[in-house]
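# I would like the atomic coordinates for the input below:
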Amino acid sequence: MLRKALVLSVLLVTVAAGPAAAATAADGGPLESHGGDAPTCEFPYATTDATGTEVEIPEDPERVVTLNPSAAQTMWEIGARDEVVGVSQYATYLDGASEKANVSGANGPSVEAVLDAEPDLVLVPNSTYGFAAERVEQIRRAGIPVYVFGEATSLSFVAEKTERIGRLTGNCEAGVERADEMRRSLDLMRQALDGEERPVGLNVFYGYTSGANTFIGDVMETAGLRNGAAEVGISGFQPINDETVANMSPAWIVVPEGSSIPNNAAYNSTTAVQEGNVVRVNTNYLQQPAPRSVLAAETILEAVHPDAYEEYQALSASSGTETSATAGADVDTPADTDFPTRTPTATSTPGFGLVTAVVAVAAAALLAVRRRHRV
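Okay, here's the model as predicted:
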């Protein structure tokens, strides 16, 4: 029971709703650029976060504290892990995170631990601010730049957030590059799914679901499912009752590893349970609005639409785009899990020449054949 309670706390902390704030380009407005692809990376830098607070960063930060695992994961993904000096207890799955200061305290971040880490910048996802606003404001009053993100509502938001973290931490080029990798992968998934029938899917975790305006809902839809919770009028992360589940009878159920499906008449009556259509996804991919959420979409795509998944892999290879399974570094499975990780098979990226040409022709042929069958 203690272990299950810990898993539940991870899930609820990760997806908890925070401050309601309108956001553009992940809360700070458009990223300024020199006219090229990458934003400028000059300091001092001033921007406005999701709380409406103007955040001034005088110099390129060398010591960054992340108060939630999604921000930490993003720093790892843009190659800036060495700049991170403090992480929350739920970021320990990241390779090397145990070497960083643990800034978690009782029921939220420890202000003392954060200050002891002597950060130049503190990154605060909305969930942390939602239940520990006063602690975050204490850190601000100590004169440390603090940036609070808005609630992630889509994978596009996650890509913008990745760019934003790159800009805030002086890793602009890496942030743009990683965000563009995400966008290319998502575009290729949509291309591979063109014309496919989309069955109803339901994300559940300990009695909760992901409705409209959630990045997890967008993960499922990007992978070729309809979000059943959104279709019945659920918005955000909300509890879901058995009657709603029975009436919906989803064809697929998506759960994070470690979260069980209720063994009752409502769930047992669903098409998903009766046909064994349950996709278990690495919790750190599915529940965190960070670059590895693309991996969650790949896992669902492979299970629900295996032919489209093969097409996606071929398109990725022919376009010279790495799938997220190979793009993300230091991917470790947390020890606290009941199920094996379903990581998509890595696909190497071919160079220019005969191999690329052959793969490109095969991908085009596969796309044409599958589209003829859909007509």
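
# show me where the stretch 151-300 of the chain has strands.
Using DSSP state E, counting those that start in this stretch, the strands of the stretch 151-300 of the chain run over 200-205, 208-210, 226-227, 237-239, 252-256, 278-281.

# Turn the ones you listed into CSV, columns for mean pLDDT, mean neighbour count and distance to residue 318.
From N, CA and C alone the C-beta is placed, and that goes for glycine too. What follows is the strands of the stretch 151-300 of the chain, written out as CSV (pLDDT from 0 to 100; neighbours: other C-beta atoms under 10 Å; distance: least, C-beta to C-beta, whole Å):
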stretch, mean pLDDT, mean neighbour count, distance to residue 318
strand 200-205, 98, 26, 28
strand 208-210, 98, 24, 33
strand 226-227, 98, 22, 29
strand 237-239, 97, 16, 37
strand 252-256, 98, 24, 28
strand 278-281, 98, 22, 27
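
# And the ones you listed: which comes nearest residue 136?
Closest approach to residue 136 among the strands of the stretch 151-300 of the chain is made by strand 237-239 (20.9 Å; C-beta to C-beta).

# before we move on, back to that, would you format the strands of the stretch 151-300 of the chain as JSON lines with distance to residue 182 included?
Shown next, in JSON lines, are those (distance: least, C-beta to C-beta, whole Å):
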{"stretch": "strand 200-205", "distance to residue 182": "20"}
{"stretch": "strand 208-210", "distance to residue 182": "19"}
{"stretch": "strand 226-227", "distance to residue 182": "20"}
{"stretch": "strand 237-239", "distance to residue 182": "22"}
{"stretch": "strand 252-256", "distance to residue 182": "19"}
{"stretch": "strand 278-281", "distance to residue 182": "17"}
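
# These: which one's closest to residue 188?
Of the strands of the stretch 151-300 of the chain, nearest to residue 188 by C-beta to C-beta is strand 278-281, at 19.3 Å.

# And residue 76, how far from residue 43?
According to C-beta to C-beta, to the nearest Å, residue 76 and residue 43 sit 23 Å apart.

# Please say which of those two ends up with more neighbours.
A direct count of neighbours by other C-beta atoms under 10 Å for residue 76 and residue 43 places residue 76 higher, at 26 against 13.

# So the more buried one, which state does it fall into?
Following DSSP: H, G, I helix; E, B strand; the rest coil, residue 76 is assigned to helix.

# To what extent is the nearest residue to it once chain neighbours are set aside buried, counted in neighbours?
Of all residues not flanking residue 76 in the chain, residue 94 sits nearest, at 5.3 Å (C-beta to C-beta, 6 or more residues apart in numbering). Look at residue 94: counted by other C-beta under 10 Å, it has 24 neighbours.

# my guess is residue 94 is in a helix, correct?
No: secondary structure of residue 94 (three-state DSSP): coil, not part of a helix.

# So it is in contact with residue 87, correct?
Yes: between residue 94 and residue 87 there is a contact under C-beta atoms under 8 Å: 7.4 Å.

# what is in contact with the two at once?
Common contacts of residue 94 and residue 87 (C-beta atoms under 8 Å, 6 or more residues apart in numbering): 69, 72.

# roughly how far apart are residue 64 and residue 127?
18 Å.

# ditto for residue 83
For residue 83, the distance to residue 127 equals 22 Å [C-beta to C-beta].

# More neighbours: which of these two?
Taking neighbours as other C-beta under 10 Å, residue 83 and residue 127 compare with residue 127 leading, 23 against 19.

# Quick check: which element contains that one?
helix 126-141 (DSSP states H and E).

# Now stretch 158-178: buried residues?
Using 16 or more other C-beta atoms under 10 Å as the test for burial, stretch 158-178 gives 158-172, 174-178.

# My guess is residue 68 contacts residue 125. True?
Yes: using C-beta under 8 Å, residue 68 makes contact with residue 125 at a distance of 3.9 Å.

# First-to-last residue distance for stretch 196-209?
Taking C-alpha to C-alpha, to the nearest Å, stretch 196-209 runs 25 Å from one end to the other.

# right, I mislabeled it, should have said stretch 77-90
17 Å.

# same thing with stretch 111-124?
Using C-alpha to C-alpha, one end of stretch 111-124 lies 13 Å from the other.

# what does the average pLDDT come to for that stretch?
The average of the pLDDT scores along stretch 111-124 is 98.

# hmm, back to that, okay, residue 68 and residue 125: which has more neighbours?
Neighbours were counted for residue 68 and for residue 125 using other C-beta under 10 Å; residue 125 has more, 31 against 27.

# buried residues in stretch 108-119?
For stretch 108-119, a neighbour-count test (16+ other C-beta under 10 Å) marks 108, 109, 110, 111, 114, 115, 117, 119 as buried.

# isn't the first one right up against residue 131?
When you say that, I think you mean residue 108. Yes: the pair residue 108 and residue 131 passes the contact test of C-beta under 8 Å, sitting 6.2 Å apart.

# was I right about residue 126 contacting residue 157?
No: assessed by C-beta under 8 Å, residue 126 is found out of contact with residue 157, at 11.0 Å.

# can you list residues touching both of these two?
Joint contacts of residue 126 and residue 157 (C-beta under 8 Å, 6+ apart) are residue 150.

# okay, these two: which has more neighbours?
Per other C-beta under 10 Å, whichever of residue 126 and residue 157 has more neighbours is residue 126, with 25 against 21.

# which residue sits closest to residue 149, ignoring its sequence neighbours?
Using C-beta to C-beta, 6+ apart, the closest residue to residue 149 is residue 125 (5.2 Å).

# For residue 197, grab the count of nearby residues.
For residue 197, using other C-beta under 10 Å, the count is 9.
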